[in-house]
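# Sequence and predicted model, in that order:
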Amino acid sequence: AILLVNINVDTLSVNRKIKVNGECMGIARINEGLIVTYVNPAKVEMISMTGQLLQTLVSEDRGKYLFAWPWYVTTSPNQQCIYISNFENETNDNVNCIGLDGKVKARYPYQNYWLRDTRGLVVDKRGKVFVCGYGSNNLHLLTPDLKKAKIVLQQDTYTFLRRRRGLLSRRDIQEKPVCI
């Protein structure tokens, strides 16, 4: 289920609950709806704020399922691209940029040890993508087209990065969606 909660200075209150069909893993607001990633079954959906299925964004690419474990999700500032991290195994994961038409626009494969096991994904107001590597203990900065820009933080320099799971990007909206 997804809880829509109101966050005030010192209180948190549930506004409403949306039933979903699957184990919700990641969630992001887009236009007047939500993008939801699921791990059981593995899928990505766009739903309305009432839970109505609007679109299954991606399920296959060239006859192969695109996602094994679609975890984290965020959108570009203009909300024309949906970024999704996908965990497959220790050495074969990726971050995808999916258009609203469900087509893959770009893919950042990390088939090496420089970025492993993503556990956080945010986009800044300029469209730069930050990816937190839980298994590689670092933070990557990617361009909007998912070309690797650079590693901006790594564990040997910053000990607080050890096994980071998430990143936060603040957007001033009253109602925040939460997967439960």
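Alright, I've got the coordinates.

# which residues of the protein score low on pLDDT?
Applying pLDDT under 70 to the chain flags the ranges 58-64, 89-92, 111-113, 149, 155-180.

# And the residue nearest the centre of the chain?
By CA atoms, centre = their mean, the chain has its centre lying nearest to Val73, at 1.5 Å.

# wait, doesn't that residue sit right on Ile30?
No - applying CB atoms under 8 Å as the test, Val73 and Ile30 come out as separate, 9.3 Å apart. C-beta coordinates here come from the backbone N, C-alpha and C atoms, glycine included.

# any common contacting residues for those two?
Common contacts of Val73 and Ile30 (CB atoms under 8 Å, 6 or more residues apart in numbering): Ile82.

# Which strands and helices lie in contact with the host helix or strand of Val5?
Per DSSP states H and E, Val5 falls inside strand 2-7. Here strand 2-7 touches strand 12-18, strand 175-179, going by 3 or more CB pairs under 8 Å, 6 or more residues apart in numbering; DSSP states H and E.

# isn't Gln55 right next to Ser48, touching?
No - assessed by CB under 8 Å, Gln55 is found out of contact with Ser48, at 10.4 Å.

# Distance of Pro41 relative to Cys97?
Look at Pro41 and Cys97: by CB to CB, to the nearest Å, they are 22 Å apart.

# Likewise for Asn6?
Plainly put, Asn6 is 31 Å away from Cys97 if you go by CB to CB.

# Show me the helices in this structure, by range?
In the chain, no segments count as helices under DSSP state H.

# How far does stretch 79-94 stretch from one end to the other?
Counting by CA to CA, to the nearest Å, you get 20 Å between the two ends of stretch 79-94.

# between Pro41 and Cys97, who's got more neighbours?
Cys97 (21 against 11; other CB atoms under 10 Å).

# Tell me which residues touch the more buried one, please.
Listed by CB under 8 Å, 6+ apart, the contact set of Cys97 reads Ser76, Cys81, Ile82, Tyr83, Val104, Lys105, Ala106, Arg107, Pro144, Asp145, Leu146.
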